[in-house]
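Chemist: Sequence first, predicted model second:
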Amino acid sequence: MSEAGPVDAVLLVQTVTGRLMVVDGGPRQGDVGVEDGVEGNGDGCLAADDRALCLLNAVVGNAWWCPALEVLPGPWALQALQRVTVAVGGGEGLLTIDGVAVLPWTALSLDVGQVLRGGPCSIGLTRTIAVAGGVGSAPGTQLTRGSVMAPRLAPRMATHAPRMATHAPSMATHAPSMATHAPRMAPTAGSTIAIVAAPPTADDVIDHLQHLSVLRVVPGHERSRCGDGAWAALLSTSFAVSPHSSRQGTRLDATTPLPMPVAPMTSMLTVPVWPGAVQVPPSGQPVILGADSTATGGYPRLAQVIAVDRYKLAQLRPGALVTFEAVSLHDARAWHARFEERFKP
Amino acid sequence: MSDAVSDADPSVRIEACADDALLMTVADDAGEGATERVISAWRALRARRPAWLVKAQPAFTSLQVVLRGGADLDEVERVLRSLPLAGGLQQAHTHLVPVRYDGADLGAVAEHAGLGSDDVIRLHADRPYRCAFVGFLPGFPYLLGLDERLHMPRLATPRPLVPAGSVGIGGSQTGVYPAASPGGWRLLGTALMTFAPDWIEAGDIVVFRATGGGP
């Protein structure tokens, strides 16, 4: 980070409607939330769409956890101050370089002065912008018009942009033949070497916005205390995403609140919580904890959205209908392991 | 590993709380004893830094352990069960926090307790509170040791904005908001200092000192 000064600045925020945030992959092995002294995950830096973060960092040749940008809802415009490689994904919407449409999920080379524009999402809600070398501002930083972003690496180190980098519409990085799943090596901040995941396949990209309306769950820690009625109702009800949802939590509205016994509401000790927890407050209307959720909570957790589906919370639009589907803990763990093996090497 | 395994030590339960997290419960009730067990295990796990560990979060009676995908659950359980459950409070620091007792709920707390405002201040200040864990917000301590006469339910409807530095009561705990936030605790006063997110660690001691000064 010490290399990141004005001389290294690569992108200028020309315009943004809504919120443009610096996010990263959150705690990873070796961090354990110790260095920053913050054990909570309420420090506002975890990527809401962590799947897009991983896939796009792989596209631009970064380690999976590298800081990137998350924008909601847009439109937005970023101008290159240096030659820089970026990739945009997550929600679907218009994407142009100097007015020419370009493809999401591909490595895009921006020359000095070129402007990358994104419209609001037509499908999904949140867009992620990965920058080769990562983004220099601290995770949690909200960027506004005029903000300048520096790469996380010194320019001499940021030489690992994918060879296919181009802003001509191209499916190059989507081509199955490119996806060997073999991790690559790349330099990262300082003199250490990071392992970079192989780029995503076309199927990985297509899957991102599929089945957004179905959230797969395993039973939450207080599922038995919530009663069979609440669990059955959760799995048989369509919920509308409330406009009061945020990065802290996705609030759901049901015509009929979930039937909850009184006991768990009043007798629970505060416990640690983790994004994806489906808490049921006394109103009977569930809240799914998001990337900026508090680290502890006192409402019973009826269910837990599985790790590989958690990113969907970033893409659910207010008013969208969602349902819950129960899966086995064994399957959920296997899917999570497979994803991390590929995209978090 | 099964979803709930606790055969070896009935006082320690290790259960799945997510597909990528386990909850290790080491006591049934909150208190100084539970805090020592939780903090001891938490400190030892942090020091060990196993490759499968993403994040560890303590609370009153339990420790949540977030895992990398594909972690060997038998190995995880073996490590968790080997963690010490004593000795973790020895490195505790004591923090003196000057407070101006001017909180919006001071009168309501006094009325609830059948006391005068001065009595509430006397019962709240100048006693050691143990930080059971840091949660809710970065740097928000859940402090144990509140006089039973001051136990009071949280607000039915949380305030949309509690100012930074507010000292409050929530149920049987007291604490201080390090940053402005929505919150449902009863507000007793204002701390006359600022708080970095890492100002306190689980296991530390806090003493509130009544003062009339400050802004």
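Modeler: Good, I have the coordinates.
Chemist: make it CA atoms for all contacts and neighbour counts henceforth
Modeler: OK.
Chemist: In the chain, where's the longest helix?
Modeler: All of this is about chain A. Longest helix in chain A by number of residues (criterion: DSSP state H): helix A:329-343.
Chemist: I was after chain B.
Modeler: Longest helix in chain B, counting by DSSP H: helix B:32-48.
Chemist: just to revisit the earlier point, elements contacting the longest helix of chain A?
Modeler: Here helix A:329-343 touches helix A:50-60, going by 3 or more Cα pairs under 8 Å, 6 or more residues apart in numbering or on different chains; DSSP states H and E.
Chemist: 6 Å instead, please
Modeler: Packing contacts for helix A:329-343, counted by 3 or more Cα pairs under 6 Å, 6 or more residues apart in numbering or on different chains; DSSP states H and E, involve no helix or strand.
Chemist: which residues sit against that helix?
Modeler: The contact list for helix A:329-343 (Cα atoms under 6 Å, 6 or more residues apart in numbering or on different chains) reads A:C54, A:A197, A:V308, B:D19, B:G69, B:G70.
Chemist: Next one: A:G136 from B:R43, what distance?
Modeler: A:G136 sits 31 Å away from B:R43, going by Cα to Cα, to the nearest Å.
Chemist: Low-confidence bits of the chain, can you list those?
Modeler: Since you didn't name a chain, this refers to chain A. A:1-7, A:27-44, A:152-194, A:262-267 (pLDDT under 70).
Chemist: actually chain B
Modeler: For chain B, the stretches flagged by pLDDT under 70 are B:1-8, B:156, B:213-215.
Chemist: picking up where we left off before, can I get the longest helix of chain A in CSV, CA atoms only?
Modeler: These are the backbone C-alpha positions of helix A:329-343, laid out as CSV (Å, rounded to 0.1, in the frame of the first residue of the first chain):
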residue,chain,number,x,y,z
LEU,A,329,-25.1,-29.8,5.3
HIS,A,330,-23.0,-32.4,3.5
ASP,A,331,-23.9,-31.0,0.0
ALA,A,332,-23.5,-27.4,1.1
ARG,A,333,-20.0,-28.1,2.5
ALA,A,334,-19.0,-30.0,-0.7
TRP,A,335,-20.2,-27.1,-2.9
HIS,A,336,-18.3,-24.6,-0.8
ALA,A,337,-15.1,-26.6,-0.8
ARG,A,338,-15.3,-27.0,-4.6
PHE,A,339,-15.8,-23.2,-5.1
GLU,A,340,-12.9,-22.3,-2.8
GLU,A,341,-10.6,-24.9,-4.4
ARG,A,342,-11.2,-23.2,-7.7
PHE,A,343,-11.5,-19.5,-6.9
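Chemist: Let me know how buried the closest residue to B:L53 other than its chain neighbours is, in neighbour terms.
Modeler: Spatial nearest neighbour of B:L53, excluding adjacent residues (Cα to Cα, 6 or more residues apart in numbering or on different chains): B:L67 at 5.0 Å. Burial of B:L67 is recorded as 24 neighbouring residues (other Cα atoms under 10 Å in any protein chain shown).
Chemist: Over to A:I97?
Modeler: 21.
Chemist: tell me which element whatever residue is furthest in space from the centre of chain B falls in.
Modeler: For chain B, the residue at maximal distance from the C-alpha centroid (Cα atoms, centre = their mean) is B:G70, at 30.6 Å. Following DSSP states H and E, there is no helix or strand that holds B:G70.
Chemist: any idea how far it lies from A:D309?
Modeler: To A:D309, B:G70 is 17 Å away according to Cα to Cα.
Chemist: For stretch A:274-288, which residues meet the burial criterion?
Modeler: In terms of neighbour count (16 or more other Cα atoms under 10 Å in any protein chain shown), stretch A:274-288 has its buried residues at A:274-282, A:284-288.
Chemist: and what of stretch A:322-338?
Modeler: Applying 16+ other Cα under 10 Å to stretch A:322-338 flags A:V322, A:T323, A:F324, A:A326, A:L329, A:A332, A:R333, A:W335, A:H336, A:A337 as buried.
Chemist: other SSEs contacting whatever helix or strand the first one lives in?
Modeler: Looking back up the chat, that one is A:V322. Element membership of A:V322 [criterion: DSSP H and E] is strand A:321-326. Packed against strand A:321-326, as judged by 3+ Cα pairs under 6 Å, 6+ apart, are the following elements: strand A:214-219, strand A:239-241.
Chemist: Can you list the strands that that strand pairs with?
Modeler: As defined by DSSP bridges, the strand partners of strand A:321-326 come to strand A:214-219 (parallel), strand A:239-241 (antiparallel).
Chemist: which residues are contacting it?
Modeler: A:S213, A:V214, A:L215, A:R216, A:V217, A:V218, A:L235, A:S238, A:F239, A:A240.
Chemist: hmm, try it at 8 Å
Modeler: A:212-219, A:234-241 (Cα atoms under 8 Å, 6 or more residues apart in numbering or on different chains).
Chemist: Please check the residues you listed and keep the buried ones.
Modeler: For those, buried by 16+ other Cα under 10 Å: A:212-213, A:215-219, A:234, A:237-241.
Chemist: Name the nearest of those residues relative to A:L78.
Modeler: Distance to A:L78 across those (Cα to Cα) is lowest for A:L212, with 28.1 Å.
Chemist: Looks like that closest one contacts A:Q315 (just checking).
Modeler: Yes. At 7.4 Å, A:L212 counts as touching A:Q315 under the criterion of Cα atoms under 8 Å.
Chemist: higher neighbour count, A:G136 and B:R43?
Modeler: Between A:G136 and B:R43, A:G136 has the larger neighbour count (other Cα under 10 Å), namely 25 against 20.
Chemist: Would you check how far apart A:T85 and chain B are?
Modeler: With distances taken as Cα to the nearest Cα, to the nearest Å, A:T85 is found 29 Å from chain B.
Chemist: host element of the residue lying closest to that residue once chain neighbours are set aside?
Modeler: Spatial nearest neighbour of A:T85, chain neighbours left out: A:S109 (4.5 Å); criterion: Cα to Cα, 6+ apart. Assigned by DSSP H and E, A:S109 belongs to strand A:108-110.
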